[in-house]
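In: what follows is a predicted protein model with its sequence.
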Amino acid sequence: MKKIIFILVTVLFLAACEKERFPQQKILIGTWVEESGNNLKIVFTEKQMFLYVEDFIDTMNYSLNEEKETLVLSQLETPDKISEIKMRYVKKLKELRIWNLLAGIPESENVIHLKKEE
């Protein structure tokens with residue numbers, strides 16, 4: 001009986017955990033807004049990412065490296081300069097998490113939490 005209770009508790013615990021997964025492109029396409037209200041917005045199309053930070057707009061080409069589970073970014077002007085960034089999608093929260101996207105801005109957070117605009 002104790003084994004059954006232990007197994008049930010373990011299964012319930014694992015089911016309740018946030019499950020971070022690498023997102024598929026169809027999930028990404030659309031407009032994402034930072035939850036903390038720091039005027040950060042990201043728009044994904046099929047091949048480009050538009051990054052809006054306050055009065056600054058940057059346009060980049062992107063691809064998804066499913067093997068490394070990274071977002072691969074390249075500038076339009078210098079396509080050979082590539083950045084790979086860790087990214088996850090939490091299905092339960094409908095939240096996109098991107099690490100070190102704004103690494104050049106000292107006061108920026110290490111992980112950006114974004115929600116999709118409806």
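Out: Thanks, I have it.
In: tell me if Thr98 really is in a strand.
Out: Not quite, residue 98 is Ile, not Thr. Yes - Ile98: assigned to a strand according to DSSP: H, G, I helix; E, B strand; the rest coil.
In: who's it bridged to?
Out: Judged by DSSP bridges, the bridge partners of Ile98 are Met87, Ile112.
In: measure it to Asp80 for me?
Out: For Ile98, the distance to Asp80 (CB to CB, to the nearest Å) stands at 22 Å. Heads up, the C-betas are built off the backbone N, CA and C, glycines and all.
In: more neighbours, the two?
Out: Using other CB atoms under 10 Å, the more surrounded residue of Ile98 and Asp80 is Ile98, with 19 against 6.
In: quick one: mean pLDDT for stretch 58-67?
Out: For stretch 58-67, the mean per-residue pLDDT is 93.
In: tell me how far it is from the chain's mean position?
Out: With CA atoms, centre = their mean, to the nearest Å as the basis, stretch 58-67 stands 11 Å off its chain's centre.
In: equivalent analysis for stretch 85-93, please.
Out: 5 Å.
In: list the buried residues of that stretch.
Out: Judged by neighbour count (16 or more other CB atoms under 10 Å), stretch 85-93 contains these buried residues: 87-89.
In: dump the residues you listed to JSON lines, plus pLDDT and distance to Leu102.
Out: Converted to JSON lines, these look like this (pLDDT from 0 to 100; distance: CB to CB, whole Å):
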{"residue": "Met87", "pLDDT": "94", "distance to Leu102": "14"}
{"residue": "Arg88", "pLDDT": "95", "distance to Leu102": "17"}
{"residue": "Tyr89", "pLDDT": "95", "distance to Leu102": "19"}
